[in-house]
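Visitor: Give me a 3D structure for the following:
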Amino acid sequence: MQDEGSQLVAEIAAANLNQGDGRILDACAAPGGKTLILAERNPQARILACESSPPRLEQLRRRLVAHADRIECRLANATQINEDATFDLVLADVPCSGTGTLGRNPEIRHRLRPEEFARQAERQRGILGAAMRAIRPGCRVVYSTCSLEHEENEQVVAAVLAATPSGRQISLHATIESLLADSIVTPGAATGLKSSLTPEGALRLLPGVFHTDGFFIALIERIA
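Guide: Down below sits the predicted model:
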């Protein structure tokens, strides 16, 4: 069963495709739950779902087999995607420390070391940088983690934007309003989500507030 926070990541991404028949990149797709939401909400879009692990790629293919006519599953390292300015939407739900899932995975606290955050952040910057190159001008990237750590969230976004003059962060306020208008979130949930926006307009889901896993979600637009 997919966590509600995880579903919200995909719903936010799906709501930011600016043309119904566009191309979507799901950069870190396995096991495929978010890919399925992207496909359901954008039935005319074509999707490239990438995964760097062969066993997980096979799992992804089995899960998405019913949509094989418009979802391509590809073995690919998300930091090395070389399709520049090709996609109308990119979802970069990146590998992370998982500290937002401690409620379900308490063993994380026993194996996680401080140096892990720097290692994860380096890979996350690489994935987000590749996503920014892959998106068309005027289109958007959704960056998300199930981490609560600034090193993997705000600092990654800030570093990539500093190196990408053509990128700018967009507040998720309008996206939340869109999800409310489409009855994907309730009025009470929309109010809570808007109150959880960071000063930059990213969304921070805290388990103690929403009773979901912890997530960070940022929306970035390529302007040129």
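Visitor: If you count contacts, what does the strand or helix carrying V90 end up packed against?
Guide: Per DSSP states H and E, V90 falls inside strand 87-93. Counting contacts by 3 or more C-beta pairs under 8 Å, 6 or more residues apart in numbering; DSSP states H and E, strand 87-93 packs against helix 4-14, strand 23-26, helix 33-41, helix 115-134, strand 135-145. C-betas here are computed from N, CA, C, even on glycine.
Visitor: Please work out which of those is packed deepest.
Guide: Of those, the one with the most neighbours on average (mean count of other C-beta atoms under 10 Å) is strand 23-26, at a mean of 24.
Visitor: Tell me the confidence at I37?
Guide: pLDDT recorded at I37 is 97.
Visitor: which stretches of this protein have low pLDDT?
Guide: Counting by pLDDT under 70, the chain has no low-confidence residues at all.
Visitor: contacting residues for the residue nearest in space to the middle of the chain?
Guide: Nearest to the centroid of the C-alpha atoms of the chain, with distances taken as C-alpha atoms, centre = their mean, sits D93, at 3.4 Å. Neighbour list for D93: 9, 26-28, 34, 142, 144-145 [criterion: C-beta atoms under 8 Å, 6 or more residues apart in numbering].
Visitor: which of these sit farthest apart?
Guide: D26 and T145 (15.1 Å; C-beta to C-beta).
Visitor: Dump the strand holding V90 to CSV, restricted to CA.
Guide: Backbone C-alpha positions of strand 87-93 (Å, rounded to 0.1, in the frame of the first residue of the first chain) are rendered in CSV as follows:
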residue,chain,number,x,y,z
PHE,A,87,10.7,16.4,-21.6
ASP,A,88,7.6,18.5,-20.6
LEU,A,89,7.7,17.2,-17.0
VAL,A,90,10.4,15.5,-14.9
LEU,A,91,9.8,13.8,-11.5
ALA,A,92,13.0,13.4,-9.6
ASP,A,93,12.0,11.4,-6.5
